[in-house]
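K.L.:
Okay, structure incoming, though there's no sequence with it:
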């Protein structure tokens, strides 16, 4: 809804697309369990004053014989790319199709999916798509958990453990504020915190140059700390900028 | 120029793109030798009344760090796909970029590049591009040779041999008119003619269902005969519909 509000504020007309894109889910992933709340979504969007909701069926989007995809490069390879093979290929393909179906001047993405926003920006630049990509801030619940459709799957104990992600971001921020610059020292502390509080080994703890997926060895300029971990059956990601 | 004339006839405004796309040439291919005649092209296009000529440089089209491409499927695999690996990936990527840079309602392609037109049509359908693809007939010189930028490279003796392609199309047409239906019989006769007159073994002699790259065993409905062969250093293609 924060993306919708940004669009309503900044644009003459707002189209919301709602489509759970099977192509971006791995075979082991939670496609079937992914929350689908079309009716309540539409009620909220209507109240907000959205002009159009575009909620196509799978069959309308991927017709029989579909065989064309977006092939991505380095931006899609590390981090999410390593743990979700084919994920960004699916994301880029659906985003490209949606931008052809709805020739938006501006498209809004969420900053929680940091690498996704980079992949989409790279595709838009490389393919000369006439659209501006806006990236909206992460929204957090009062306890710090980054808002995500998948949070609904967390039991109370899992949710408690999942707070280790945002806590780890705060920890890293405090380390940098305290003068620590060494990336591997920060990564080790973050990983230790997620293991201690989250009771899980994170899939990755990446420190990358802001606006890229390039790993940094020292925190000099703005640096993104990006995290992924699985709590119970729920895989969560989070990130923040260390300054 | 026949594509330009079709556009001028059918559209309110006509944009011509001129770009020798390195991405669609293989490392062994004739990129350096490919005819570039921008000044005389522009003179002809201006006389004709074209509104815009878009002739970007390589650097304007592929910026440093470019890493996004179109990934194609079955339509791109046989025939040209076998002899020019990566060719259609390059074609599809540049066509997609050009359609983003110039949001045409209609785009004109030549029928001589039969499989290219199919690949572009497949991409446009799969990616929901809002453009109509028009495919214009092959133009032939009085001796039957299909017009192509590369014909300029043919010496007189090579040109004589290259006529074996259009002759082979006529031969196949005559066989079908005479009641022959067996695809491999027609292929054998075509191949024999190109070997005898063209003094070269064709790269492929394909009989496919019109509008597809599906091989046929018998000529029942409209069937495309598609040919490729190299004369000297010049690779030529040709095709025709057997009815």
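P.N.:
Thanks, I have it. Values in this document were obtained by computation on a predicted structure and should not be read as measured data. Residues are numbered from 1 along each chain as shown, chains lettered A, B, ... in the order given.

K.L.:
can you point me to the longest helix in chain A?
P.N.:
In chain A, ranked by residue count with DSSP state H as the criterion, the top helix is helix A:156-177.

K.L.:
Let me see the residues that make contact with the following helix or strand past that one.
P.N.:
Where DSSP states H and E defines the elements, the next helix or strand beyond helix A:156-177 is helix A:183-197. Helix A:183-197 has contacts (Cβ atoms under 8 Å, 6 or more residues apart in numbering or on different chains) with A:161, A:163-165, A:167-168, A:171-172, A:175-176, A:180, A:200-202, A:205, A:207, A:215-219, A:223, A:225, A:227, A:229, A:242. Quick note: C-beta positions are derived from backbone N, CA and C, even for glycine.

K.L.:
Is any residue of the helix or strand hosting residue A:115 near chain B?
P.N.:
Assigning secondary structure by DSSP H and E places residue A:115 in helix A:114-126. Yes - using Cβ under 8 Å from any Cβ of the partner chain, helix A:114-126 reaches chain B at A:122, A:123, A:125, A:126.

K.L.:
out of those, which one sits closest to residue A:146?
P.N.:
Here the nearest of the residues of helix A:114-126 next to chain B to residue A:146, counting by Cβ to Cβ, is residue A:122; it sits at 23.1 Å.

K.L.:
Okay, domains of chain A per the record?
P.N.:
A:2-136, A:149-242 (automatic domain parsing).

K.L.:
Surely residue A:10 and residue A:104 touch.
P.N.:
No - if you go by Cβ atoms under 8 Å, residue A:10 and residue A:104 don't touch, sitting 11.6 Å apart.

K.L.:
Tell me which two of the residues of helix A:114-126 next to chain B sit farthest apart.
P.N.:
Taking Cβ to Cβ, no two of these sit farther apart than A:123 and A:125, at 7.4 Å.

K.L.:
Any of the contacts of helix A:183-197 buried? List them.
P.N.:
When neighbours are counted using 16 or more other Cβ atoms under 10 Å in any protein chain shown, these contain these buried positions: A:161, A:163-165, A:167-168, A:171-172, A:175-176, A:180, A:200, A:202, A:205, A:207, A:216, A:219, A:223, A:225, A:227, A:229, A:242.

K.L.:
Show the residue spans covered by the strands in chain A.
P.N.:
Using DSSP state E, the strands of chain A run over residues A:15-17, A:52-54, A:69-71, A:106-110, A:132-136, A:204-209, A:223-231, A:234-242.

K.L.:
is chain B contacted by the fifth one?
P.N.:
No - judged by Cβ under 8 Å from any Cβ, strand A:132-136 and chain B are separated, with a smallest distance of 13.6 Å.

K.L.:
what pairs with that strand, and is each one parallel or antiparallel?
P.N.:
strand A:106-110 (parallel) (DSSP bridges).

K.L.:
Endpoints of stretch A:74-89, how far apart?
P.N.:
Terminal residues of stretch A:74-89 are spaced 12 Å apart (Cα to Cα, to the nearest Å).

K.L.:
which parts of chain A sit against chain B?
P.N.:
A:63, A:66-75, A:89, A:92-93, A:96-97, A:100-101, A:103, A:122-123, A:125-130.

K.L.:
Just the ones in helices from those residues, please.
P.N.:
The helices, defined by DSSP H, take in A:89, A:92, A:93, A:96, A:97, A:100, A:101, A:122, A:123, A:125, A:126 from the residues of chain A next to chain B.

K.L.:
Can I get those residues in JSON lines including pLDDT and neighbour count?
P.N.:
Output for these, formatted as JSON lines (pLDDT from 0 to 100; neighbours: other Cβ atoms under 10 Å in any protein chain shown):
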{"residue": "A:89", "pLDDT": "98", "neighbour count": "19"}
{"residue": "A:92", "pLDDT": "98", "neighbour count": "27"}
{"residue": "A:93", "pLDDT": "98", "neighbour count": "26"}
{"residue": "A:96", "pLDDT": "98", "neighbour count": "26"}
{"residue": "A:97", "pLDDT": "98", "neighbour count": "23"}
{"residue": "A:100", "pLDDT": "98", "neighbour count": "18"}
{"residue": "A:101", "pLDDT": "98", "neighbour count": "18"}
{"residue": "A:122", "pLDDT": "98", "neighbour count": "24"}
{"residue": "A:123", "pLDDT": "98", "neighbour count": "25"}
{"residue": "A:125", "pLDDT": "98", "neighbour count": "15"}
{"residue": "A:126", "pLDDT": "98", "neighbour count": "22"}
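
K.L.:
And those, which is closest to residue A:157?
P.N.:
Residue A:157 has its nearest neighbour among those in residue A:89, at 34.9 Å by Cβ to Cβ.

K.L.:
Once you drop chain neighbours, what's closest to the closest one?
P.N.:
Once flanking residues are discounted, residue A:89 sits nearest to residue A:69: 5.6 Å by Cβ to Cβ, 6 or more residues apart in numbering or on different chains.

K.L.:
so what pLDDT did the one you found get?
P.N.:
On the pLDDT scale, residue A:69 is placed at 98.

K.L.:
can you pull the contacts of it?
P.N.:
Counting by Cβ under 8 Å, 6+ apart, residue A:69 has contacts A:89, A:92, A:93, B:70, B:71.

K.L.:
Might one say that the last one is in contact with residue A:71?
P.N.:
Yes - the pair residue B:71 and residue A:71 passes the contact test of Cβ under 8 Å, sitting 4.0 Å apart.

K.L.:
Find the residues that touch each one of these two.
P.N.:
A:89, B:89.

K.L.:
How many residues are close by residue A:143?
P.N.:
11 (other Cβ atoms under 10 Å in any protein chain shown).

K.L.:
how near is it to chain B?
P.N.:
38 Å (Cβ to the nearest Cβ, to the nearest Å).

K.L.:
One more: residue A:106?
P.N.:
When residue A:106 is compared with chain B (using Cβ to the nearest Cβ), they lie 16 Å apart.

K.L.:
Relative to chain B, how far out is the most centrally placed residue in chain A?
P.N.:
Among the residues of chain A, the one closest to the centroid is residue A:113, at 1.6 Å (Cα atoms, centre = their mean). Separation of residue A:113 from chain B (Cβ to the nearest Cβ): 18 Å.

K.L.:
Equivalent analysis for residue A:3, please.
P.N.:
22 Å.

K.L.:
And for residue A:189?
P.N.:
Distance of residue A:189 to chain B, computed by Cβ to the nearest Cβ: 33 Å.

K.L.:
Report how many residues lie close to that residue.
P.N.:
17.

K.L.:
same question, residue A:153
P.N.:
19.

K.L.:
do the same with residue A:56
P.N.:
Burial of residue A:56, expressed as a neighbour count using other Cβ under 10 Å, amounts to 14.
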